[in-house]
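**Student:** only geometry, no sequence info:
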């Protein structure tokens, strides 16, 4: 019998999983107390009590369980998980949380109904329907259904949200649901990346059904039109919906219908006196780390090259986080801030401008650029053995906005930059596959490491120590 462990998520939901640090889900939940995707956090804010949800590829149920909690007892979740062993764990989790609003369907979805071979991998996240030749891994026979077939049998109507994570079967699922996609109008989240490949064909497949694709802007919790020309390498999921649903989401402040028509650098700050509230003196200088630096910043900004551009970029960042403003205006401000800081770092990579850019790039959804900027800035700091805090800058991560540095600004800044690099470079330390924890050790030694970094260090040591003992 497989030993189990029950792990709490940040929203209070308990997940029953195998008790093994060599498996993805148990490791991530112990490390982050949550799943590592920004989308799950977005859905907790977006979904409402009473809504109906479909989860295709539920796996151990981190999304299913969290969404069931969010939509409450008046809502309903249909969770599809064909692997018998994984479904058994999800059944235990449903019972552990006393959820009565989840229907667990132990079937796979595709474009035909019948039976199919389903590969069973060490990591259940990689299980998939097998087509053609016999699988190289262990497999089992599972029922195969279509979306339209399930729509008829369950009487689906007014479905608010669908998650599809089916390891390459997404296009067949779309083919098996012409009536579903025509008659219903849910918001859909679908996995776009498998391994290192981004499957842009799914964007076209959904577009053929009338569904436009959007990406999540993690720093603003907004959906914006997806630009297929330059997807971030870290991008895992997209959303899509029909125009009627997009219009409702836009009206509620969750979605931006179109990207700014003018070049981002042409978006100007408001000329009203109220715009002064976005000035760095009213935002950054009021934070714990800025309170004792404001006078130094004032002197530097009076003489620094390109200081006007920096001041405007920082004001745009503050403006993008003003929840009173329309979503489109907030996104335009963040996009303009992103472009201005990128240009500034190319022309004048002085002081801690790369740190500010990394913060904005992460919030914008350009995670690869954030990782690169943090790495470049840290190389400069370690080479020069100095941290230049003489110019206004954004803290490396949101948590560091309110973390007082005391007299140790250097340790605070380096610790924050290392912590954000640790979070952003890998989805989880599980994927590092490396027993060396020098970065984590340095983070904790500097004195500002978070509880998550402490957990990462402990889990990494436990995982590889256990492996060495085997």
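**Tutor:** Perfect, thanks for sending it. The structure presented is a predicted model; accordingly, all values stated were derived computationally and were not measured.
**Student:** contacts, neighbours, all on C-alpha from now
**Tutor:** Fine.
**Student:** ok, residue 397 to residue 62 distance?
**Tutor:** Going from residue 397 to residue 62 by C-alpha to C-alpha, to the nearest Å gives 25 Å.
**Student:** and what of residue 81?
**Tutor:** For residue 81 relative to residue 62 (C-alpha to C-alpha), the value is 12 Å.
**Student:** Those two - which one has more neighbours?
**Tutor:** Higher neighbour count among residue 81 and residue 62: residue 81, with 26 against 21, using other C-alpha atoms under 10 Å.
**Student:** pLDDT score assigned to the more buried one?
**Tutor:** We have a pLDDT of 95 for residue 81.
**Student:** Show me what whichever helix in the chain runs longest is packed against.
**Tutor:** Among the segments of the chain that qualify as a helix by DSSP state H, the longest is helix 327-347. Under the contact criterion of 3 or more C-alpha pairs under 8 Å, 6 or more residues apart in numbering; DSSP states H and E, helix 327-347 touches helix 307-320, helix 353-364.
**Student:** In the lowest-mean-pLDDT helix or strand in the chain, which residues are buried?
**Tutor:** Lowest on mean pLDDT, DSSP states H and E among the helices and strands of the chain sits strand 128-130, with a mean of 73. For strand 128-130, burial by neighbour count (16 or more other C-alpha atoms under 10 Å) applies to 128-130.
**Student:** Let's have those residues in CSV, adding distance to residue 179.
**Tutor:** CSV is the format used below for the buried residues of strand 128-130 (distance: C-alpha to C-alpha, whole Å):
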residue, distance to residue 179
128, 24
129, 23
130, 25
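**Student:** and which of these is nearest residue 216?
**Tutor:** Ranked by distance to residue 216 (C-alpha to C-alpha), the buried residues of strand 128-130 are led by residue 128 at 25.9 Å.
**Student:** so who does the closest one touch?
**Tutor:** Residues near residue 128 by C-alpha atoms under 8 Å, 6 or more residues apart in numbering: 118-120, 166-169.
**Student:** Let me know how buried the nearest residue to residue 391 once chain neighbours are set aside is, in neighbour terms.
**Tutor:** Spatial nearest neighbour of residue 391, excluding adjacent residues (C-alpha to C-alpha, 6 or more residues apart in numbering): residue 297 at 4.8 Å. As a burial measure, residue 297 scores 20 neighbours (other C-alpha under 10 Å).
**Student:** correct me, but residue 297 touches residue 388?
**Tutor:** No - counting by C-alpha atoms under 8 Å, residue 388 is not a contact partner of residue 297; they are 11.0 Å apart.
**Student:** So what are the sheet partners of the least confident helix or strand of the chain and their directions?
**Tutor:** For strand 128-130, the paired strands and their directions (DSSP bridges) are strand 114-120 (antiparallel).
**Student:** and of the helices and strands packed on helix 327-347, who's closest to residue 374?
**Tutor:** Smallest distance to residue 374 across the helices and strands packed on helix 327-347 (C-alpha to C-alpha): 6.2 Å, for helix 353-364.
**Student:** any idea of the angle the closest one forms with helix 327-347?
**Tutor:** In terms of direction (axes from the mean of the first three to the mean of the last three C-alpha atoms, to 10 degrees), helix 353-364 departs from helix 327-347 by 150 degrees.
**Student:** for helix 353-364, packing partners?
**Tutor:** helix 327-347, helix 367-384.
**Student:** re earlier: the residue nearest to residue 391 should be in a strand, yeah?
**Tutor:** No - for residue 297, which was evaluated using DSSP: H, G, I helix; E, B strand; the rest coil, the result is helix, with no strand membership.
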